[in-house]
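>>> Generate a structure from the sequence data that follows.
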Amino acid sequence: MKLQNRKQNRSTLFGITALSILALLALLPATTGSAAGKPTPTPPPAQSSFSDSFDTFNTSRWAKADGWTNGSPFDNAWRADHVNFANSLMTLTLDNFAYLGEPYSSGEYRTTGFYGYGCYEIRFKPVARPGAVTTFFTFAGPYDNGGNGKHNEIDIEFLGYDTTKFQANYWTNDDTYSNGHEFFVNLDFDASQAFHNYAFKWTSTGITWYVDGASVYSVTHTASDPTPKTGDSLQKIMMNFWPVDSTASAWAGTFVYPGMPLNAQYDWVRFTAGENCAISSTPPPTQTPPPNGDPTQMHISNIVMAIVGRNAQATASVTVVDGVGNPVAGATVNGVWSGLVTNGDGSKTTGTNGAALFYSGRSSASGTFTFCVTNITKSGVTYDSAVNAETCDSISK
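Numbers count the residues shown, from 1 in each chain. Here you go, the predicted structure:
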C-alpha cells in the first residue's frame, strides 16, 4: 500500500514540522548546489559489521526517537522513554500517553550511522493487534541523508491484524512513495507467540528475505525497476512500533487501544557487511555483563569503525564503560593499527561519552584496516580486558 511519507523523521524545527518545510520548499524555484552557493554534502561513511544483544542502550551506535511526530498515517508521537532495555531484551512500548497532539506514544530505535550492502538480521516478537505495526527496516531520506538525500528503504513489517505473515517491501529513490513493492510472506507460525529470526540480504543485484535462516522471497534489480543502490544512498538500521490512523486502517487494520500498554520485544540484531555475507540462525554472542557491577573496573563496550578521508583512511571509535555500564571519561586508550596501514593515532583520551576516536594513516590501496586496543589506563579504575565486548575491529574498502 502507498503510505505517503510514512517513515520520515520530521523533527519539529522552530515550531514548524519538517513536513511543512517540505511543502514550503516545493514552492521555491529549483536550484543546484552550486547555484545556491552550497557545496554538495559529503556522503556519509559506510559503517562496519556489528552485533548487539540489546543488553544496554549503546549511545555510540544507536539513538532513540524523541520529541517529534511523523504525521499521518502514524497516530503517535515518539518518546525516548518508550524504548527500554532489561533482561537482554529491548522493548518498544505503545501506550495512550497523549503527546504533541497525538493520542498515543511509542518507541523507535535507529542507528546513528549508515550501512550498505550486507546481511541485516534481527530476532524479535511482533505484537498481534489490528492497526499496530511492528518493524525492522533500513531507511534514508531527506532528513536522514545517506548520500543523495532521496527516499530509499527496505522493509520487514508485521501488521498486527495477522501476525502469521509479514510484509516485505522496498523503495528506490522514491520521495513520492509512488512505487512500492509490497509482498506478503506467509509463515507457518504466529510470530507474536515466540521469537523468530528475520533477515534480508541487500546486494547490488537485489534483495532476499529470510525467516529462521531460510530464504523466503527475493527480488532482482532491473533497469526498469531498480532496487536500492549504495552508490545512491546508504541507509540507517531502524526498528519501530506504532499505531495507524484511520487513513491506513484498510492496510493495517483499525487500531483500538486495549486499555494497557503494548510491548514489542527485540532479542538481538546483527549486520554483516559485504555482498558475500551469509545469513545464519545462530545468535550473536551475549554481551558479557560487567563483573559484579563494579564501578572501579572498566572495559570496552564497543569499537565502531568507518571509512573516511575520501576512502583513504579509517576511524575507530572506542567506547569505555565501567562495571555498571556508565561511560568512563578521562581514560587513556592505547592501540595499534595493522593491515593496510601500521601508522595512525596510537593514544587518545575518552570524552564525557566514554569514547575515544582514532584516525589511521592513509592508503589508496584496497584492503582492510584493523585497530586493536592494547591497554586502557585511568587512576583509580582497573582495566579488565576479559569482559571486553571486542578488543579489535576491522573494516574493508
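
>>> In the chain, which residue is most central in space?
residue 237 (2.4 Å; Cα atoms, centre = their mean).

>>> Name every sheet partner of the helix or strand harbouring it and say whether each one runs parallel or antiparallel.
Per DSSP states H and E, residue 237 falls inside strand 236-243. According to DSSP bridges, strand 236-243 forms sheet pairs with strand 108-111 (antiparallel), strand 132-140 (antiparallel).

>>> for these, which one ends up most surrounded?
strand 132-140 (a mean of 26; mean count of other Cβ atoms under 10 Å). Every C-beta, even on glycine, is put in place using the N, C-alpha and C of the backbone.

>>> Let's see it as CSV, backbone CA atoms only.
The C-alpha trace of strand 132-140 is given here as CSV (Å, rounded to 0.1, in the frame of the first residue of the first chain):
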residue,chain,number,x,y,z
ALA,A,132,-0.4,-1.8,15.3
VAL,A,133,2.7,-2.2,13.1
THR,A,134,6.0,-3.8,14.3
THR,A,135,9.0,-3.3,12.1
PHE,A,136,12.6,-3.9,11.2
PHE,A,137,13.9,-1.9,8.2
THR,A,138,16.6,0.3,6.7
PHE,A,139,15.9,3.8,5.6
ALA,A,140,17.3,7.0,4.3
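
>>> what about it, distance to the chain center?
Taking Cα atoms, centre = their mean, to the nearest Å, one finds strand 132-140 lying 10 Å from the centre of the chain it belongs to.

>>> Can you tell me the strand partners of the helix or strand just after it and which way each runs?
Going down the chain from strand 132-140, the next helix or strand is strand 152-159, by DSSP H and E. Paired strands of strand 152-159, with direction, are strand 132-140 (antiparallel), strand 165-171 (antiparallel) (DSSP bridges).

>>> Let's have those in a markdown table, adding mean pLDDT and distance to residue 324.
Converted to a markdown table, the strands paired with strand 152-159 look like this (pLDDT from 0 to 100; distance: least, Cβ to Cβ, whole Å):
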| stretch | mean pLDDT | distance to residue 324 |
| --- | --- | --- |
| strand 132-140 | 98 | 30 |
| strand 165-171 | 98 | 38 |
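
>>> Save the ones you listed as a markdown table, and put in distance to residue 117 too.
As requested, these are exported to a markdown table (distance: least, Cβ to Cβ, whole Å):
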| stretch | distance to residue 117 |
| --- | --- |
| strand 132-140 | 11 |
| strand 165-171 | 14 |
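
>>> out of these, which comes closest to residue 371?
strand 132-140 (25.8 Å; Cβ to Cβ).

>>> re the thing from before, next, the buried residues of the following helix or strand past the strand holding residue 237.
Downstream of strand 236-243, the next assigned helix or strand under DSSP H and E is helix 249-252. Neighbour counts over helix 249-252 (16 or more other Cβ atoms under 10 Å) mark 251-252 as buried.

>>> just stretch 386-397 next, same as before
For stretch 386-397, by 16+ other Cβ under 10 Å, it's 387-397.

>>> Equivalent analysis for stretch 376-384, please.
In stretch 376-384, counting by 16+ other Cβ under 10 Å, buried: 376, 378, 381, 383-384.

>>> got any ranges where the stretch 101-250 of the chain has weak pLDDT?
Within the stretch 101-250 of the chain, no stretch has pLDDT under 70.

>>> Can you show me the helices along the chain?
Assigned by DSSP state H, the helices in the chain fall at 18-26, 249-252.

>>> weakest of the ones you listed in terms of mean pLDDT?
In terms of average pLDDT, helix 18-26 trails the rest of the helices of the chain, at a mean of 36.

>>> Correct me if wrong: residue 199 contacts residue 123.
No: Residue 199 is not in contact with residue 123 according to Cβ atoms under 8 Å; the separation is 9.4 Å.

>>> In contact with the closest residue to residue 83 other than its chain neighbours, which residues?
Leaving aside its chain neighbours, residue 83 sits nearest to residue 107 (4.0 Å; criterion: Cβ to Cβ, 6 or more residues apart in numbering). Applying Cβ atoms under 8 Å, 6 or more residues apart in numbering to residue 107 gives the contacts 64-65, 78-80, 82-84, 91-94, 240-241.

>>> show me where the stretch 51-200 of the chain has strands.
All strands of the stretch 51-200 of the chain, identified by DSSP state E, counting those that start in this stretch, fall at 62-64, 68-69, 76-78, 83-86, 89-94, 104-106, 108-111, 118-125, 132-140, 152-159, 165-171, 183-186, 196-203.

>>> Sounds good, over and out.
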